[in-house]
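J.: Provided below for reference: sequence and predicted model.
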Amino acid sequence: KLKQFDGIWLSSLTVSTIMGKPDNELVDFTTRFRVLEEIIEVTTKPIIVDGDTGGELAHFGYRIKTLERLGVSAIIIEDKRGYKRNSLFGTDMDQHQESIENFSLKIKEGKNSSINDDFMIIGRIESLILKKGMDDALTRSEAYINAGADGIMIHSKEYDASEIKSFCKNYNNFSKKVPLIVVPSTFNSITENEFESMGVNIVIYGNHLLRSSYPNMLKTAELILKSERCKEASDKYCMSIKDIINLIPE
Ligand code: SPV
Ligand code: MG
């Protein structure tokens, strides 16, 4: 049986990192839209865009329309305000959560601007990241669903999966539920089957392809510098010329 991924995640962490920039909304939407156009030219897989905070409320509706025109399937926006940092820094960096009222307004603004019923606006809850507690995470989930969110992403930076498991257990008791999304960057021992039995609908592997290719690129560069030629690095770390020129068919 052919196994394949169901879609593509346009990660703010990896798109910023490959541009040599920190993951703090410095790489703006205009730049990301250009990346998206390149991706959409060569795939028909559904694309979920990491929308960070979603930006200014007054701009959000325009962003939704642009994403719909481009052919994107969903955006995930996180309930932070101001200068956002990558969630995996947690409370080591100064970052703040948006109020439930303001974030709900942003979801509503997005839904009102959307013209495609299939396009999803997913609310990402940062309560566990920012140590605001399980009750806060659950209250926010309910509020964002009532504001019209088409999905909920719950995030955690703990390696131990107990807080994610506890969230899912409580979430399953909600009378009004929408698809549930997780990004197991840290709590990575849970299998897809286990996630499914926990009620999770989408699992996003957020950064693994860059995290695995970068160490190899670094070793290659270092070995070229050390050897003062490229034979050693080619033999040790590189795919063949034949394979790279045939990787993308004409
Ligand atoms: C990203 O990939 O940019 C994310 C997921 O937002 S994480 O880095 O795990 O916070
Ligand atoms: Mg991100």
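T.: Okay, I see it. Ligands and ions are numbered 1, 2, ... in the order given.
J.: can you count the residues close to the residue of the chain found nearest ligand 2?
T.: Closest to ligand 2 within the chain is Ser12: 3.3 Å, counting by C-beta to the ion. Every residue, glycine included, has its C-beta placed from N, CA and C. By other C-beta atoms under 10 Å, the residues close to Ser12 number 24.
J.: Next, give phi and psi for the residue nearest to it when sequence neighbours are not counted.
T.: Among residues not flanking Ser12 along the chain, Asp50 sits closest, at 4.4 Å (C-beta to C-beta, 6 or more residues apart in numbering). When read as degrees, to the nearest 10, the backbone of Asp50 gives phi -80, psi 110.
J.: shouldn't Asp50 be in contact with Leu10?
T.: Yes: counting by C-beta atoms under 8 Å, Leu10 is a contact partner of Asp50 at 5.8 Å.
J.: Please say which of those two ends up with more neighbours.
T.: Taking other C-beta under 10 Å, Asp50 and Leu10 do not tie; Asp50 has more neighbours (23 against 18).
J.: can you give me the mean pLDDT across the longest helix seen in the chain?
T.: For the chain, the longest helix by residue count, based on DSSP state H, is helix 208-227. Mean pLDDT, helix 208-227: 98.
J.: which secondary structure elements does whichever helix or strand comes after that helix contact?
T.: Downstream of helix 208-227, the next assigned helix or strand under DSSP states H and E is helix 231-237. When contacts are defined as 3 or more C-beta pairs under 8 Å, 6 or more residues apart in numbering; DSSP states H and E, helix 231-237 sits against helix 208-227.
J.: what's the helix it packs on in contact with?
T.: When contacts are defined by C-beta atoms under 8 Å, 6 or more residues apart in numbering, helix 208-227 is touched by residues Thr14, Thr17, Ile18, Cys230, Glu232, Ala233, Lys236, Tyr237, Cys238.
J.: If we ignore the residues flanking it in sequence, what's nearest the fifth one?
T.: The shortest distance from Glu232 to any residue other than its chain neighbours is 5.4 Å, reached at Leu223 (C-beta to C-beta, 6+ apart).
J.: Restricting to C-alpha, output the longest helix of the chain in PDB.
T.: The C-alpha atoms that make up helix 208-227 are tabulated as PDB, following Å, rounded to 0.1, in the frame of the first residue of the first chain:
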ATOM      1  CA  HIS A 208      11.500  17.600  10.700                       C
ATOM      2  CA  LEU A 209      12.600  17.800   7.000                       C
ATOM      3  CA  LEU A 210      14.600  21.000   7.700                       C
ATOM      4  CA  ARG A 211      15.900  19.600  11.000                       C
ATOM      5  CA  SER A 212      17.200  16.500   9.200                       C
ATOM      6  CA  SER A 213      18.600  18.200   6.000                       C
ATOM      7  CA  TYR A 214      20.400  21.100   7.700                       C
ATOM      8  CA  PRO A 215      22.900  19.000   9.700                       C
ATOM      9  CA  ASN A 216      23.800  17.200   6.500                       C
ATOM     10  CA  MET A 217      24.300  20.600   4.700                       C
ATOM     11  CA  LEU A 218      26.500  21.800   7.500                       C
ATOM     12  CA  LYS A 219      28.700  18.700   7.500                       C
ATOM     13  CA  THR A 220      29.000  19.000   3.700                       C
ATOM     14  CA  ALA A 221      30.100  22.700   3.900                       C
ATOM     15  CA  GLU A 222      32.600  21.900   6.700                       C
ATOM     16  CA  LEU A 223      34.100  19.000   4.800                       C
ATOM     17  CA  ILE A 224      34.600  21.100   1.700                       C
ATOM     18  CA  LEU A 225      36.400  23.700   3.800                       C
ATOM     19  CA  LYS A 226      38.500  21.100   5.500                       C
ATOM     20  CA  SER A 227      39.400  19.100   2.300                       C
END
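J.: and that helix with ligand 1, contact?
T.: No: using C-beta under 6 Å from any ligand atom, helix 208-227 never reaches ligand 1; the gap is at least 9.4 Å.
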